[in-house]
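**Q** Return a 3D structure for these sequence lines:
(one chain, ligands or ions: 3)
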Amino acid sequence: MRAAEVHSDITEVLVTEEQILERLKEIAAQVDADYAGKDLLLVGVLKGAIMVMADFSRALKLVAPIDWMAVSSYGKGTKSSGVVQIRKDLDTDLTGKHVLIVEDIIDSGLTLSWLLENFESRGAESIEVFALLRKPDAAKVEVNCRYVGFDIPNDFVVGYGLDYAERYRNLRDVAVLAPHVYS
Ligand code: 5GP
Ligand code: MG
Ligand code: MG
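**A** Ligands and ions are numbered 1, 2, ... in the order given. As a prediction, the model looks like this:
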């Protein structure tokens, strides 16, 4: 469903499905060029990255396996706890692989910087990050993110895989959640 169909729960549509798919094509073309001839592994961070992984991986011309990692740092609230827990680890040995982590959003950056450090000890040939969304004003730690879809304001957003208490992931667009929903 489109974000506009739950208009009383949102204050603004920030990025439409059409804008996302356009941007994913551009980034996929860059990734195709950057990883030509390399052993690329896509690693998605569950659950938020499910939609971006589905659309981004299919926009690639490269054949690349997909693995998933589940971590949690948010619980039910809207603020990062800073404490990262592995809920599901990778099935793949990273030795010699060129890893591209696919993330829904970089907010404080705490989750990704923890993940990058964790991956660095696993023998990957290279590790880069693609985040569909990034909130520059929320950064608490610097994360080296090679590919970014959209920089957005420091608001809590839902849709296109992003949830509030597991809801709204199935909105096609990215929208700002109305404060009355979580306060
Ligand atoms: P960070 O550690 O960078 O603060 O964010 C960790 C995770 O929290 C993100 O990967 C994402 O799943 C979730 N998150 C951060 N900001 C938002 C947001 O605005 N909306 C939603 N739904 N999740 C967010
Ligand atoms: Mg995430
Ligand atoms: Mg969440």
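**Q** can we go C-alpha only for contacts and neighbour counts from here?
**A** OK.
**Q** Would you mind giving me the confidence score for residue 81?
**A** Note for residue 81: predicted pLDDT of 65.
**Q** Kindly report the same for the one 5 residues further on.
**A** At residue 86, the predicted lDDT confidence score is 92.
**Q** Wasn't it part of a strand?
**A** Yes - according to DSSP: H, G, I helix; E, B strand; the rest coil, residue 86 belongs to a strand.
**Q** near ligand 1, which residues of this protein?
**A** Contact residues (CA under 6 Å from any ligand atom) of the chain with ligand 1: 48, 74, 80, 104-111, 155-158, 162-164.
**Q** quick one: residue 26 and ligand 2, what's the gap?
**A** 21 Å (CA to the ion, to the nearest Å).
**Q** Now for that residue, how many residues are close by?
**A** 14 (other CA atoms under 10 Å).
**Q** can I get the CA coordinates of stretch 128-137 in PDB?
**A** These are the backbone C-alpha positions of stretch 128-137, laid out as PDB (Å, rounded to 0.1, in the frame of the first residue of the first chain):
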ATOM      1  CA  GLU A 128      31.500  -1.400   2.200                       C
ATOM      2  CA  VAL A 129      28.100  -0.100   3.100                       C
ATOM      3  CA  PHE A 130      25.100   0.900   1.100                       C
ATOM      4  CA  ALA A 131      22.400   2.700   3.200                       C
ATOM      5  CA  LEU A 132      19.100   3.700   1.500                       C
ATOM      6  CA  LEU A 133      18.600   6.500   4.000                       C
ATOM      7  CA  ARG A 134      20.900   8.500   6.200                       C
ATOM      8  CA  LYS A 135      20.200  11.100   8.900                       C
ATOM      9  CA  PRO A 136      23.300  13.300   8.900                       C
ATOM     10  CA  ASP A 137      22.000  15.300  11.900                       C
END
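**Q** Is that stretch in proximity to ligand 2?
**A** No - with CA under 5 Å from the ion as the criterion, ligand 2 is not reached by stretch 128-137; the gap is at least 8.8 Å.
**Q** per-residue confidence averaged over that stretch?
**A** Averaging pLDDT along stretch 128-137 gives 97.
**Q** With stretch 154-165 instead?
**A** What stretch 154-165 shows for mean pLDDT is 97.
**Q** So which of the residues of the chain next to ligand 1 belong to strands?
**A** 104, 105, 106, 157, 158 (DSSP state E).
**Q** Pull the most distant pair out of those.
**A** Farthest pair in those (CA to CA) is 106 and 158. Separation: 13.4 Å.
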